[in-house]
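**Q** give the three-dimensional model of this entry:
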Amino acid sequence: MNYFTQVWDEERDDEYASWGTSTWYFETNHTDLVLKQITVYQNGKTVKYTEEKQEDEFGGLCEGPLTIDDCDGEIISKEDFYLLW
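**A** Take a look at the predicted model:
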């Protein structure tokens, strides 16, 4: 498994724009498919997605392969990911 982040320095463009900017956390498998995803917003709101819960009214699980190079993010440990999970 791979664990990494991406900082999104733009606000949402919907009714939740007041949540602020966000940091995204990803768990991907050996084929770079996102298995779990966490988005933490500036106001503290957190949303989580898995293969079992792929979407809700706030967003959804990333589709297709994703690598840290695609995100220009930082590698994090499995432990750090699961502290947020």
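
**Q** C-alpha from now on. contacts and neighbour counts both.
**A** Fine.

**Q** now the residue nearest the centre of the chain: closest residue in space, sequence neighbours ignored.
**A** Central residue of the chain (CA atoms, centre = their mean): Trp24, 3.3 Å from the mean position. Spatially, and ignoring its direct neighbours in sequence, Trp24 is nearest to Thr39 (4.5 Å; CA to CA, 6 or more residues apart in numbering).

**Q** thinking that neighbour is in contact with Gly20, fair?
**A** No: using CA atoms under 8 Å, Thr39 is not in contact with Gly20, being 11.6 Å away.

**Q** who's in contact with Glu11?
**A** Ala17, Ser18, Trp19, Gly20, Thr21, Ser22 (CA atoms under 8 Å, 6 or more residues apart in numbering).

**Q** quick one: the helices in this protein?
**A** 68-71, 78-84 (DSSP state H).

**Q** got a pLDDT number for the residue lying farthest from the centre of the chain?
**A** Distance from the C-alpha centroid of the chain, by CA atoms, centre = their mean, peaks at Glu15 (19.5 Å). Here the pLDDT value assigned to Glu15 is 94.
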